[in-house]
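Undergrad: below are the sequence and a predicted model for it; my questions follow.
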Amino acid sequence: MKNQLFFFLCFSILSFSFAQSRQEPDQVRSKVDSIKELYYGSGEQNLDYLGSIIEFEANPDSLLKYGEIYLQKALKDSLDDHISSAKIMIGYSYKYKGNLSKALEYFFESLKYAQKSGSMKAQGRSYITIADTYSASENSQNATIYYRKGIEILEQESDSTALGTAIFNAGDEYLKLGKLDSALSFVERAQLIFEKVNFELGKAYCLGNLGMIFAEYGDQLTSERRINQAIEILEKYHEYYPISVYLNYLSKIYLEHGDRQSSLSYARKSLDLASKYGLKDQISEANLLLSGIYESLNNPSKALEFYKKHIQFRDSVKNVQSVQEMANLRTDFEVSQKQAEVDLLESAATIATLRAKRQTLLLYGVVVMLILVALLALVSYRRFKFEKEANKIIEEEKNRSEDLLLNILPEEIADELKIHGKVKAHRFNSTTVLFTDFKSFSSLAEEISPEQLVESIDYYFKEFDSIVDKYGLEKIKTIGDSYMCAGGLPTETERHAFDVARAGLEMMEFIYKPKPEGIVQFEMRIGIHTGPIVAGIVGVKKWQYDIWGDTVNIASRMESNSEEGKINISGTTYEIIKDEFECEYRGSIEIKNRGIWEMYFLKS
């Protein structure tokens, strides 16, 4: 429900006044109807009229319609702050329809135009909408980061209502994470702000969330009273999404007290309301509640019916592909591009040539046999001898080709190439990529002989190869003085992040061991990141198994932002391995078009 609150508030950052939203709902609706008459009667796309209409529009389809009209007008007039607001309007229409990835795309575009306009208030608004969407997709790490950035900006502005909204939304995120004390502190702080500016709708949201917090504390009476107070106010303002949420929560409270009929009534009201306005996540939640209620009433057929409906709507909003779609847009594009580059490959050109030669010679033997019958025995002997030698050559060449192929490609990829004559690009949803880099390599290369330089690099990389084999990783390639490997491919494994971390520690330990005479002592830094990649081979010459995607780029950024003698890992990798390794938080970086990334030093 927090997103509905901010959706209602966000357009105040334009020229529209909050005076409207403090009027009685019937007065507001009458005024909006009058504005619509003025808008359609004027014969032009008036931004003030459009903004006032959108401010009170609750239907997602209508919101999308007016938002796109607003956007076209703002683009035509080159009004960056209005373009930013239009992007948020359209983003929220997609969000209410359950398309979180599309909504996030529009919200990031809104932030870009807000920054271009120089409006700090508009930037704060965009950060909060992005945080809300990450929260809805259950990405608490990014949600918390963007809430913090949004609140820091809005605290410097004069819009108390927008600040209260941001603080309320952050409190709602803490409630979802089960951090009740933090949630209570943030919601009560937002409530004080709303009371100060006499914003009744904001106070209603705070009452509702306080009711849910008190329910989690076990104070059911206070919880029920606060939620009913919230619903009473929200009904006046036709705020259907939070009403549906709070009705579901009341249903849960009554079910916990054994009042199944009241619980059933509230759940049905929530489902009817959510269905009427296309609120998919609340349809899913209400169906799940009804399934549990009917199960407690010993009605398994009804319970199963509503549970199936819950699964249907849950998967349309929160399946993994939908939630992660925005993060994977670049990777999916690369799949299509790299797949187009994969050509048909011949797996045994040398063997095919030898067999053709053998067949030609055999044909000559047959001709000679027909002409020289007297020499049949000799020809037969020579043919037998030749076949034996040819087969031996073929087998030797086959083994050499096999060894060479396996030295270039992973065994699974080589087998696919031999069987099908080509290799498809494969997508791996979870891999861990490691980059190394030697400090001041270019300057050292100018000071020592080429022979000593190559001998030193070979000394280190041979040991790295052994470490990679030890932990079941895949060496991808070396780029100058950089060594690249990955875990979790071509065979998927569950502990690839742990294996890569241990390999990184062992590589770093080896770097600082005593060296034989003539081997240059290098300083090294390492970067590690975990995520999806695309893997395959391209071209017909000098085959190379390679990987592509944002995960590779981010791992490289982790390495370039590391320090000599240290291993820099991303927040994603840290969340996976933190229970088995000692790590030290060392800040965050913002990667262009990929958001903000936390970084940690892997210590042991």
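TA: Cool, the structure landed.
Undergrad: please count neighbours and contacts with C-alpha atoms only from this point.
TA: OK.
Undergrad: pretty sure Glu173 is in contact with Ser135, am I right?
TA: Yes. Using CA atoms under 8 Å, Glu173 is in contact with Ser135, at 6.7 Å.
Undergrad: give me the domain ranges for the chain.
TA: For the chain, whose domains are defined here by automatic domain parsing, the residue ranges read 2-199, 349-411, 423-602.
Undergrad: between those, which one is nearest to Tyr237?
TA: Nearest to Tyr237, of all these, is domain 2-199, at 5.2 Å by CA to CA.
Undergrad: how distant is the closest one from the center of its chain?
TA: The chain centroid and the centroid of domain 2-199 are separated by 23 Å under CA atoms, centre = their mean, to the nearest Å.
Undergrad: so between Glu173 and Ser135, which is more surrounded?
TA: Each of Glu173 and Ser135 had its neighbours counted (other CA atoms under 10 Å), and the higher figure belongs to Glu173 (25 against 22).
Undergrad: mind listing the strands for the chain?
TA: Remark: strands of the chain, listed N- to C-terminal, are 426-438, 474-479, 482-487, 524-536, 546-548, 567-570, 583-591, 595-602; assignment by DSSP state E.
Undergrad: can you map out the helices along the stretch 351-500 of the chain?
TA: Along the stretch 351-500 of the chain, the segments classed as helices by DSSP state H, counting those that start in this stretch run 376-408, 411-420, 441-447, 450-470, 496-511.
Undergrad: if we can go back for a sec, the domains of the chain: which one's closest to Asn248?
TA: The nearest among these, by CA to CA, is domain 2-199 at 15.3 Å.
Undergrad: what's the average pLDDT for that closest one?
TA: pLDDT averaged over domain 2-199 equals 77, rounded to a whole number.
Undergrad: now Val500. Nearest residue, chain neighbours left out?
TA: Gly487 (6.2 Å; CA to CA, 6 or more residues apart in numbering).
Undergrad: so what's that neighbour bridging to?
TA: Listed beta-bridge partners, Gly487: Thr432 (assigned using DSSP bridges).
Undergrad: before we move on, back to that, closest one to Ala374 among the strands of the chain?
TA: Among the strands of the chain, the nearest to Ala374 by CA to CA is strand 524-536 (58.0 Å).
Undergrad: mind saving the C-alpha coords of that closest one as PDB?
TA: Once non-C-alpha atoms are left out, strand 524-536 reads as follows in PDB (Å, rounded to 0.1, in the frame of the first residue of the first chain):
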ATOM      1  CA  MET A 524      47.900  -8.200  -7.600                       C
ATOM      2  CA  ARG A 525      44.200  -7.200  -7.000                       C
ATOM      3  CA  ILE A 526      41.200  -9.400  -7.600                       C
ATOM      4  CA  GLY A 527      37.500  -8.700  -8.200                       C
ATOM      5  CA  ILE A 528      34.500 -11.200  -7.900                       C
ATOM      6  CA  HIS A 529      30.800 -10.900  -8.700                       C
ATOM      7  CA  THR A 530      27.900 -13.400  -8.900                       C
ATOM      8  CA  GLY A 531      25.100 -13.200 -11.400                       C
ATOM      9  CA  PRO A 532      23.700 -14.500 -14.800                       C
ATOM     10  CA  ILE A 533      25.800 -14.700 -17.900                       C
ATOM     11  CA  VAL A 534      25.700 -15.900 -21.500                       C
ATOM     12  CA  ALA A 535      28.300 -18.500 -22.600                       C
ATOM     13  CA  GLY A 536      29.300 -19.900 -26.000                       C
END
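Undergrad: just the angle between that strand and helix 496-511, please?
TA: Counting by axes from the mean of the first three to the mean of the last three CA atoms, to 10 degrees, strand 524-536 points 140 degrees away from the direction of helix 496-511.
Undergrad: what pLDDT is listed against Ala414?
TA: In this model, Ala414 is scored at 61, pLDDT.
Undergrad: to Lys280, which of the domains of the chain lies closest?
TA: Using CA to CA as the measure, domain 2-199 is the one of the domains of the chain that comes nearest Lys280, at 6.3 Å.
Undergrad: can you redo the domains of the chain as JSON lines with distance to Ser251?
TA: Formatted as JSON lines, the entries for the domains of the chain read as follows, by distance: least, CA to CA, whole Å:
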{"stretch": "domain 2-199", "distance to Ser251": "18"}
{"stretch": "domain 349-411", "distance to Ser251": "56"}
{"stretch": "domain 423-602", "distance to Ser251": "35"}
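Undergrad: between these, which one is nearest to Leu247?
TA: Nearest of the domains of the chain (CA to CA): domain 2-199, 15.3 Å.
Undergrad: before we move on, the earlier item: tell me which of the domains of the chain sits most buried.
TA: Comparing those by mean neighbour count (mean count of other CA atoms under 10 Å), domain 2-199 ranks first with a mean of 20.
Undergrad: neighbouring contacts of stretch 596-604?
TA: Outside of stretch 596-604, the residues that reach it under the criterion CA atoms under 8 Å, 6 or more residues apart in numbering are 142, 145, 501, 505, 558, 566-571, 574, 581-591.
Undergrad: and if we set it to 10 Å?
TA: The set of residues that contact stretch 596-604 without belonging to it, under CA atoms under 10 Å, 6 or more residues apart in numbering, is 141-142, 145-146, 501-502, 504-505, 526-529, 554, 558, 561-563, 566-574, 577-578, 580-591.
Undergrad: again, but for stretch 140-156
TA: Contacts of stretch 140-156 from elsewhere in the structure, counted by CA under 10 Å, 6+ apart, are 120-137, 157, 160-167, 169-171, 173-174, 176-177, 571-572, 595-598.
Undergrad: any low-confidence regions in the stretch 401-550 of the chain?
TA: For the stretch 401-550 of the chain, residues meeting the criterion pLDDT under 70 lie at 401-423, 539-543.
Undergrad: what distance do you get for Asp193 to Cys206?
TA: Careful, residue 193 is Ile and not Asp. Using CA to CA, to the nearest Å, we find Ile193 at a distance of 11 Å from Cys206.
Undergrad: any common contacting residues for these two?
TA: Residues within reach of Ile193 and of Cys206 at once, by CA under 10 Å, 6+ apart, are Thr165, Val187.
Undergrad: number of nearby residues for the nearest residue to His310 once chain neighbours are set aside?
TA: Once its chain neighbours are removed from consideration, His310 has its nearest residue in Ser284; the separation is 4.4 Å (CA to CA, 6+ apart). A total of 25 residues lie near Ser284 under the criterion other CA under 10 Å.
Undergrad: distance of the residue sitting furthest away from the middle of the chain from Val368?
TA: Relative to the C-alpha centroid of the chain, counting by CA atoms, centre = their mean, Ala374 is the outermost residue, at 79.2 Å. According to CA to CA, Ala374 stands 10 Å off from Val368.
Undergrad: intersection of neighbour lists for those two?
TA: Looking at what touches both Ala374 and Val368 (by CA under 10 Å, 6+ apart), there is no common residue.
Undergrad: how many neighbours does the closest residue to Ser270 other than its chain neighbours have?
TA: The spatial neighbour of Ser270 that comes closest, neighbours along the chain excluded (CA to CA, 6+ apart), is Ser244 at 4.6 Å. One way to gauge burial is a neighbour count; for Ser244, by other CA under 10 Å, it gives 28.
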